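>>> Have a look at this fold, sequence not included:
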């Protein structure tokens, strides 16, 4: 009575070749190459530079921790850095440095 869905017919390939398959593979290959050079490679360079910077920390370097503390490095151990972030007044006009231990990562 009311035909709301029309019939759909599949179209048979006319030349029987693999042209669309090759075109799709080339498209996805090109898409991956663009994503690699615009997103993946710069991120890898940034991670490498950060790792090298952390490995070469020295006493006296100014740092900002992941939590936002500002300070200078007092001592570097294997996987921990002691950062001097300020001074504490122990008695009138008697100040002692405040040091925080922070993981290198």
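On my side now, so go ahead. As the structure is a computational prediction, the values presented were derived from the model and not from experiment. Residues are numbered from 1 along each chain as shown.
>>> which residues of this protein score low on pLDDT?
Residues of the chain that meet the criterion pLDDT under 70 lie in 1-18.
>>> can you do 50?
Counting by pLDDT under 50, the chain contains no low-confidence range.
>>> so where do the helices sit in it?
19-35, 41-55 (DSSP state H).
>>> got the angle between the longest one and helix 41-55?
In other words, helix 19-35. Helix 19-35 runs at 30 degrees relative to helix 41-55, counting by axes from the mean of the first three to the mean of the last three C-alpha atoms, to 10 degrees.
>>> Now do the same contact list for residue 25.
Counting by C-beta atoms under 8 Å, 6 or more residues apart in numbering, residue 25 touches no other residue. Using the backbone N, CA and C atoms, a C-beta is placed for each residue, glycine as well.
>>> any idea how far it lies from residue 33?
Plainly put, residue 25 is 13 Å away from residue 33 if you go by C-beta to C-beta, to the nearest Å.
>>> for residue 69, phi and psi?
phi -80, psi 140 (degrees, to the nearest 10).
>>> what's the burial count for the closest residue to it other than its chain neighbours?
Once flanking residues are discounted, residue 69 sits nearest to residue 85: 5.3 Å by C-beta to C-beta, 6 or more residues apart in numbering. Burial of residue 85 is recorded as 16 neighbouring residues (other C-beta atoms under 10 Å).
>>> thinking residue 85 is in contact with residue 99, fair?
Yes. Using C-beta atoms under 8 Å, residue 85 makes contact with residue 99 at a distance of 7.3 Å.
>>> Tell me who's in contact with the residue nearest to residue 69.
Neighbouring residues of residue 85 by C-beta under 8 Å, 6+ apart: 69-71, 98-100.
>>> Repeat that for residue 38.
Contacts of residue 38 by C-beta under 8 Å, 6+ apart: none found.
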